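Chemist: next comes the sequence, and after it the predicted model I'd like to discuss.
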Amino acid sequence: MVPLGLLSKGEKAEIVDIKAQKGYYHGKGKDLLCYVYNIGLHIGKTVEMLNNAGRGSVLVKVDESRIALGRGIAMKIMVRRIEK
Amino acid sequence: MSLELKIQSLKLNEGENPVRKKAIIVAVAGNPNSGKSTLINAIAGTRLQVGNWPGVTVEKKTAVFEYEGRKIKLVDLPGTYSLSPYTQEEIIARDYLVHEKPDVIIDVVDATNLERNLYLTIQLLELGIPVVIALNIYDEAMKKGYKIDIKAMEKMLGVRVIPTIATKKSGLKELLKAITEIVDNPAIHIPKRLHYEEDFELAAASVESYIKTTYPHLAEKYPLRWFSFKLLEGDQHVLQEINLSENETFIKDIREHLKRSHGDDIESLMADERYAQASGLTHEVLKKPETRKIEMTEKIDRIVLNRFFGIPIFLAAMWLVFKLTFDVSGPFADWLDAMITGPFKRWAETILGFIHAPEWTVSLATDGIIAGVGFVIVFVPVIFAMMFFITFLEGSGYMARAAFVMDRLMHAIGLHGKSFIPMLLGFGCNVPAIYATRVLENPRDKALTALLIPLMSCGARLPVYVVFVGAFFPHNAGTVIWSLYVMGISLAILMGVIFKKTLFKGEAPVFIMELPPYRMPYFRSLMIHTWEKGKHFLIKAGTYILAVSIIVWFLLNLPWGVENKRDSYLGKMGQVIAPVLEPLGFGKWEAASSLVAGLIAKEIVVGTMGEIYVPKLEDKKEEKPSLTEDLKEIGTSLVSAAKDSIANIFSTFGIASLSSEESPEMKEERESLRNVIRKQFTPLTAYAFMSFVLLYMPCVVAAIALRQEFGTWKWYGIAFVYQMALAWIVAFMIYQGGKIIGLG
């Protein structure tokens, strides 16, 4: 199990856990998880890393959408690599 | 096409019908990037009204039109992924649906991304309001080889599903027809109650019956099924609204029961239930081809988001937008300016002279009103050009990439990657830059960006620098001006860090954003969006600026018959303010008055100084050109403006406004102004003065832009105060520091 933020470009993985920590979105202290969920990232989903420069935001593909994530969030999403 | 004609012709008949029918209220919901706004534009076109949702800066679009003799009112809800209460957009959307109870909901679903879009659909169905699904971007789904079983979808959800291609206006007629059919017979169009896990259904049923008996008014007010689920989830937003605690015994009992068998987080479990429905449905109705070819979007992204090329490509794109905006619009702005200050003014003078209007009304009309309107109009080409390019970048999908690429750099000053774009545009003109903060959805990022924009040295400050630098630093002109630009940027970084630690404390920007597929924006939709954005400026800003120009005119010309500008109200204000500027090295009423007048636009500082310092080179009565000469001149200069505009696109040097030619009289006037300034200032005080002009309060047009974008004067107030303080402190340090090291 590794954080999503550590996948390298082209790797595919399944989301196994999203660490519940309070985050912020839209200026209000709200549960960030909910937004992550609504945008389509949840446990059981397969994600593909499209862009990871080692620092800054990462870009992942889930279903048909490309989602850019700040590194902070990307490190809270735990995934299991899928062997090719 | 035919649809639009039909709507229009029906609109004409409206007058014949004396009984105003009650409009069918149709709310339009959907995910961001589902093509929702394109769909609305395609249906409503120019009948779209843009306003704000009450109390917030989220855009609200509505349109009223007639279709087959019925009045339909479309209400565009903010694009959301869900109806949870976690973002401003979600709260607006769901409050509208729950409290305003529209007759029909159009749910715009991206056919290429069915599962996630259906997640919202599932939530909409809980409201019990008839839903029509616009299965949008249908052409792309077909192109990808997707097969969607529409009949099955309709049957499983109990709603109408209409494939649409908003960009090609296809499917819209069917969509509107479905709406009228639903309104004619709403009872058979109530969406299906999707069956969640048995325990949740039982719990919801008991909450429902409890509410019906104990709180009948709530049962009236809320869609019952939805309401019961929200109570089970412990939705704080709803609980607050009805003034109930989640510890209310009846809710608590049922919740406890659920928690015992399913775990603590009922909200997440419900989300999973809904997602399972969306997912199951997608599996049933969607057939995807086995092999997936690498899409165009991915290919472009590989280059555009490349670790090494990403930033250079972004900078090149920005440079191009910047250049196109100011170079394309520049000649037209100059042309408008020349037209207003030349022929228009002359015509007004002639007409007023002809009717023997008193001298002061002529001056008010020409120097006050026409000059004031001129200011607004001169901005129009710039604003529209910029809105056009910004809309293009947004529509094409590149804007989201730009944010991704710049995010890391901007993070340092507490900003979102997207903030870079408006800030950069600020160098041309702060006003469109403030409007461009629209690309930021998060109010916090938007406010912080808008607060920093005025520190970007805009084009209007350049004339001030040019005069002073010409007088004192003719040999280092470039370096001195450059140093002012750098000063602005450095202070923006500094203020960004300060604001992040004070005003916007604790609210770290979180970066989650969908990057939409690249699409070529349709010209029509580009034009509509550009017009929507520019119109605001034109109408509202226009009135304010006009008012301020008139006030300044009065200040400069009152009391009546004032001979010496020193005795005008503006001069007197200058005298009052002067002592405050004393420690900065330019505590003279002339400087102070000019700064006050600079409120309208910073370049006015120079104009006012000219008026005060330079005895009028008056009554050099030039030959007044005749009307036909004027008209000819307007025509030929427009042609040459268009030529310049096109030439500018291809030329690679400079910004048009910098290279524009000046008449010999203007040069002469500026030279005599410089001579006076040399006597009034020293190089040190001149530099302090220029820094002050760079930093002090945003001009009135920027003020209006701030007011309009945020719906409150608060941010202008903050900008005004901090910039005044910053300008004073910086000028003070320059002057006093300079004196200490012996530059005075």
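Modeler: Noted; the coordinates are in hand.

Chemist: quick check: pLDDT value at whatever residue of the stretch 601-744 of chain B ends up closest to chain A.
Modeler: Across the stretch 601-744 of chain B, the shortest distance to chain A (C-beta to the nearest C-beta) belongs to B:Phe710, at 13.1 Å. To be clear about C-beta, it is placed using only N, CA and C from the backbone, and glycine gets the same treatment. Looking at B:Phe710, its pLDDT is 82.

Chemist: ditto for B:Lys540
Modeler: 63.

Chemist: now do B:Tyr146
Modeler: 91.

Chemist: tell me who's in contact with B:Leu77.
Modeler: If a contact means C-beta atoms under 8 Å, 6 or more residues apart in numbering or on different chains, then B:Leu77 has B:Ala27, B:Val28, B:Ala29, B:Gly30, B:Ile92, B:Ala93, B:Tyr96, B:Leu97 as its contacts.

Chemist: what average pLDDT does stretch B:245-253 get?
Modeler: 74.

Chemist: circling back: closest to A:Val58 out of the contacts of B:Leu77?
Modeler: B:Gly30 (26.5 Å; C-beta to C-beta).

Chemist: residues near that closest one, how many?
Modeler: 31 (other C-beta atoms under 10 Å in any protein chain shown).

Chemist: picking up where we left off before, for the contacts of B:Leu77, point out the one with the lowest pLDDT.
Modeler: B:Ile92 (90).

Chemist: and the pLDDT at the residue nearest the centre of chain A?
Modeler: Chain A has A:Ala74 as the residue nearest its centroid, 4.5 Å off, counting by C-alpha atoms, centre = their mean. Note for A:Ala74: predicted pLDDT of 88.

Chemist: swap in A:Pro3?
Modeler: What the model reports as pLDDT for A:Pro3 is 91.

Chemist: burial measure for the residue nearest to it when sequence neighbours are not counted, as a count.
Modeler: Using C-beta to C-beta, 6 or more residues apart in numbering or on different chains and skipping the chain neighbours, the partner closest in space to A:Pro3 is A:Met75 (4.5 Å). Number of residues near A:Met75 (other C-beta under 10 Å) recorded here: 16.

Chemist: could you measure A:Met75 against chain B, distance?
Modeler: Noted for A:Met75: a distance of 13 Å to chain B, by C-beta to the nearest C-beta, to the nearest Å.

Chemist: was I right to think that residue contacts A:Leu7?
Modeler: No: with contact defined as C-beta atoms under 8 Å, A:Met75 does not count as touching A:Leu7 (11.2 Å).

Chemist: next, B:Leu83: secondary structure please.
Modeler: The local conformation at B:Leu83, judged by DSSP: H, G, I helix; E, B strand; the rest coil, is coil.

Chemist: what residues does the helix or strand hosting B:Val26 touch?
Modeler: For B:Val26, the host element (DSSP states H and E) is strand B:24-30. Applying C-beta under 8 Å, 6+ apart, the external contacts of strand B:24-30 come out as B:36, B:39-40, B:70-77, B:79-80, B:93, B:96-97, B:100, B:102-110, B:117, B:120, B:124, B:134, B:136, B:179-180, B:183.

Chemist: pull out the buried members of the residues you listed.
Modeler: Among those, those classed as buried by 16 or more other C-beta atoms under 10 Å in any protein chain shown are B:36, B:39-40, B:70-77, B:79-80, B:93, B:96-97, B:102-110, B:117, B:120, B:124, B:134, B:136, B:179, B:183.

Chemist: counting neighbours, what do you get for B:Tyr522?
Modeler: B:Tyr522 has 17 neighbours, counted by other C-beta under 10 Å.

Chemist: neighbours of the residue nearest to A:Gly70 when sequence neighbours are not counted, how many?
Modeler: Nearest residue to A:Gly70, sequence neighbours excluded (C-beta to C-beta, 6+ apart): B:Phe511, at 3.5 Å. By other C-beta under 10 Å, 25 other residues sit near B:Phe511.

Chemist: which phi and psi values does B:Phe511 adopt?
Modeler: phi -110, psi 100 (degrees, to the nearest 10).

Chemist: pretty sure it contacts A:Ile67?
Modeler: No: counting by C-beta under 8 Å, B:Phe511 stays clear of A:Ile67, with 10.3 Å between them.

Chemist: in chain A, where is pLDDT below threshold?
Modeler: Judged by pLDDT under 70, chain A has its weakly predicted residues at A:20-33, A:84.

Chemist: which residue ranges of it form helices?
Modeler: According to DSSP state H, chain A carries its helices in the segments A:32-38, A:71-74.

Chemist: redo these as a markdown table? Include distance to B:Lys155.
Modeler: Shown next, in a markdown table, are the helices of chain A (distance: least, C-beta to C-beta, whole Å):
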| stretch | distance to B:Lys155 |
| --- | --- |
| helix A:32-38 | 27 |
| helix A:71-74 | 39 |
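
Chemist: residues of the stretch 51-200 of chain B that sit close to chain A?
Modeler: Residues of the stretch 51-200 of chain B lying close to chain A (C-beta under 8 Å from any C-beta of the partner chain) are B:Thr80, B:Tyr81, B:Ser82, B:Ser84, B:Tyr86, B:Thr87, B:Gln88, B:Thr112, B:Asn113, B:Glu115, B:Arg116, B:Tyr119.

Chemist: the same query, at a cut-off of 10 Å, please.
Modeler: B:80-91, B:110-117, B:119-120, B:123, B:141, B:144, B:146 (C-beta under 10 Å from any C-beta of the partner chain).

Chemist: out of those residues, which are inside strands?
Modeler: Under the assignment DSSP state E, those contribute B:Asp110 to strands.

Chemist: select only the buried ones of the residues of the stretch 51-200 of chain B next to chain A in ChimeraX?
Modeler: To isolate the buried members of these in ChimeraX, using 16+ other C-beta under 10 Å:
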select /B:80,81,82,83,84,85,86,87,88,89,90,91,110,111,112,113,114,115,116,117,119,120,123,141,146
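
Chemist: restricted to helices, list the residues of the stretch 51-200 of chain B next to chain A.
Modeler: Those of these lying in helices (DSSP H): B:Gln88, B:Glu89, B:Glu90, B:Ile91, B:Leu114, B:Glu115, B:Arg116, B:Asn117, B:Tyr119, B:Leu120, B:Gln123, B:Ala141.

Chemist: surely B:Gly51 is in a strand?
Modeler: Yes: checked against three-state DSSP, B:Gly51 lies within a strand.

Chemist: report pLDDT for it.
Modeler: 73.

Chemist: which residue is the nearest non-sequential neighbour of it?
Modeler: B:Lys60 (5.0 Å).

Chemist: again with B:Asp110
Modeler: Going by C-beta to C-beta, 6+ apart, B:Asp110 has B:Ser34 as its nearest residue, at 4.3 Å.

Chemist: I am finished for the moment; much appreciated.
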